[in-house]
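Student: 3D, please:
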Amino acid sequence: MTRNNIIIVGGSSGIGLSLCQKLQNRELTVISRSACPVAGVKNYIADVCAPEDLSAAFSKLQKADALVYCAGMSLAAPIEYVETSDYRKLFDTNLLGAVEATKLAMPLLRQSGAGRIIYLGSMGGVVPIAFDSFYSASKAALMQLASAVNLETDNVTATVAVIGGTKTRFSFKRKIYTDCGDYDEALKSASDALIKIEQTGYTADKVSDQLVKLIDGDYPAAVTIGFKNKLELCIYRLMPFRIKQLICKKIYGL
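Tutor: Next up is the predicted model:
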């Protein structure tokens with residue numbers, strides 16, 4: 001089925017912007033820190049880290065068939081050195097903002113009779129990312145959030161789109177710590193490897209094509225985007241723990 005009234009949280013850049021371009025013939029509302037440049041979009045400026053901002057934006061909406069949560073951030077830092085304010089902001093953006101948006105959108109989605117929620121997840125929610133443990137943890141939590149939402153109501157379904165490395169500016173917005181003592185060399189190696197994975201991955205356009213299908217379909221709680229990513233996750237899940245650890249260390253040059 002085609003869902004026409006769509007709310008996109010985080011649609012001003014990257015995958016979210018690409019998705020808006022794909023859906024510009026529908027009724028689109030974008031809630032983001034900056035305005036989406038796509039013509040015809042209703043923009044509401046809000047920071048997902050501020051629940052009152054989200055509440056004010058959602059209070060102006062009358063209907064919704066789908067919610068797509070695209071807001072996200074990444075952080076490269078050793079757990080031993082990370083600042084509390086940094087990892088709290090990451091969880092506020094990647095997870096708690098998604099919870100708040102879901103809470104606010106749910107009445108509208110239930111009213112539509114066949115509501116849909118799509119969370120932008122990550123391969124990192126299954127395969128840990130070295131020195132980005134906070135990001136991996138937040139994306140893993142999104143999978144459980146989607147599964148739990150699906151238990152609560154029969155007329156709203158939630159799916160996490162498990163996305164691998166994607167070539168966007170997201171790679172270069174990441175805060176990368178320095179002056180971390182014995183961690184510095186490994187941290188740089190892991191950060192460089194992650195940027196390479198992202199910048200040689202799928203384009204935002206290819207990912208957003210698949211997201212449109214997820215919006216209009218009725219899929220399980222987690223769907224991996226791209227055959228290559230599906231194959232890699234399938235193999236990873238079958239591996240013994242120690243082999244998984246060795247492979248991850250090799251990927252990130254540790």
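Student: What does the nearest residue to residue 14 once chain neighbours are set aside show for phi and psi?
Tutor: Closest residue to residue 14 apart from its sequence neighbours, by C-beta to C-beta, 6 or more residues apart in numbering: residue 168 at 4.1 Å. For every residue, glycine as well, the C-beta is placed using N, CA and C. Note on residue 168: its backbone torsions stand at phi -140, psi 180 [degrees, to the nearest 10].
Student: List the residues that contact residue 168.
Tutor: Residues near residue 168 by C-beta atoms under 8 Å, 6 or more residues apart in numbering: 13-15, 198, 204.
Student: Now do the strands in the stretch 1-150 of the chain.
Tutor: 5-9, 27-32, 42-45, 66-69, 75-76, 115-120 (DSSP state E, counting those that start in this stretch).
Student: For residue 244, which three-state class applies?
Tutor: Judged by DSSP: H, G, I helix; E, B strand; the rest coil, the three-state class of residue 244 is helix.
Student: per-residue confidence at it?
Tutor: The model reports residue 244 with a pLDDT of 94.
Student: isn't it right next to residue 235, touching?
Tutor: No. In this structure, residue 244 is not within contact of residue 235 by C-beta atoms under 8 Å, at 10.1 Å.
Student: Looking at the two, which one has more neighbours?
Tutor: Per other C-beta atoms under 10 Å, whichever of residue 244 and residue 235 has more neighbours is residue 244, with 15 against 10.
Student: which residues does residue 79 contact?
Tutor: By C-beta under 8 Å, 6+ apart, the contact list for residue 79 reads residue 133.
Student: Run through who's touching stretch 82-95.
Tutor: By C-beta under 8 Å, 6+ apart, the surrounding residues in contact with stretch 82-95 are 48-49, 71-75, 77, 134-135, 137-139, 141-142, 145, 175, 177.
Student: Just the buried ones out of the residues you listed, please.
Tutor: Neighbour counting over those (16 or more other C-beta atoms under 10 Å) leaves 48-49, 71-75, 77, 134-135, 137-139, 141-142, 145, 177 as the buried ones.
Student: before we move on, the earlier item: possible to save the contacts of residue 168 as CSV with pLDDT and distance to residue 27?
Tutor: Compiled in CSV, these are given as follows (pLDDT from 0 to 100; distance: C-beta to C-beta, whole Å):
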residue, pLDDT, distance to residue 27
13, 94, 21
14, 95, 22
15, 97, 20
198, 96, 32
204, 96, 22
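Student: What about the residues you listed, which are in helices?
Tutor: The helices, defined by DSSP state H, take in 14-15, 198, 204 from these.
Student: Can you say which of these are buried?
Tutor: Among the ones in helices among the contacts of residue 168, those classed as buried by neighbour count (16+ other C-beta under 10 Å) are 14-15, 198, 204.
Student: ok, so of those residues, who is nearest residue 183?
Tutor: Residue 183 lies nearest to residue 198 out of those, by C-beta to C-beta, at 21.2 Å.
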